[in-house]
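1. Fold the following and give me the result.
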Amino acid sequence: MNLTITPGAEKFIRQMVRFNGGENYGFRLSVTAGGCSGLASEFTVEAEPKTGDSVVVKDGIRLFLTAESRLLLDGVTIDFVDTPTKTGLSFIDPKAAPCGCSSAGVASIDIASIARN
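-> Below you'll find the model as predicted:
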């Protein structure tokens, strides 16, 4: 799978896993078509993948991904942004068509969407 995780996103994901479960847990990322950049997403920290999830290990991080998520994330860079107006993961998809807004090709997840198990 062609997926890039920036150092900032890696740090964020590792912190979420450590604080919400422990080093043996995984980061479940569910991505669907939608949103301004063409991607909408949710994430949780899980002990085990759910039925139908695949485990993708990237840079030592266990990602639990649905089949749709794997297809949509192929070629995408996952980054972490922390600005006065938004904090969370961003998905930079070179395949996304510009939408006319200032964040073409980037979908953000609000930090408030973090689910605690």
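2. Residue 89: what's it in contact with?
-> 9, 12, 41, 43, 78, 79, 80, 81, 108, 109 (C-beta atoms under 8 Å, 6 or more residues apart in numbering). C-beta here means a position set from N, CA and C on the backbone, and glycine is covered the same way.
3. So the third one sits against residue 93, correct?
-> No - assessed by C-beta atoms under 8 Å, residue 41 is found out of contact with residue 93, at 11.5 Å.
4. Find out how far the longest helix anywhere in the chain is from the centre of the chain, if you would.
-> Using DSSP state H, we find that the single longest helix of the chain is helix 7-20. Helix 7-20 sits 11 Å away from the centroid of its parent chain (C-alpha atoms, centre = their mean, to the nearest Å).
5. That helix packs against which elements?
-> strand 26-33, strand 39-46, strand 61-65, strand 77-82 (3 or more C-beta pairs under 8 Å, 6 or more residues apart in numbering; DSSP states H and E).
6. out of the ones you listed, nearest to residue 18?
-> Closest to residue 18 of the helices and strands packed on helix 7-20 is strand 39-46 (C-beta to C-beta; 9.1 Å).
7. what comes up buried for the closest one?
-> Within strand 39-46, the residues that count as buried by 16 or more other C-beta atoms under 10 Å are 39, 40, 41, 43, 44, 45, 46.
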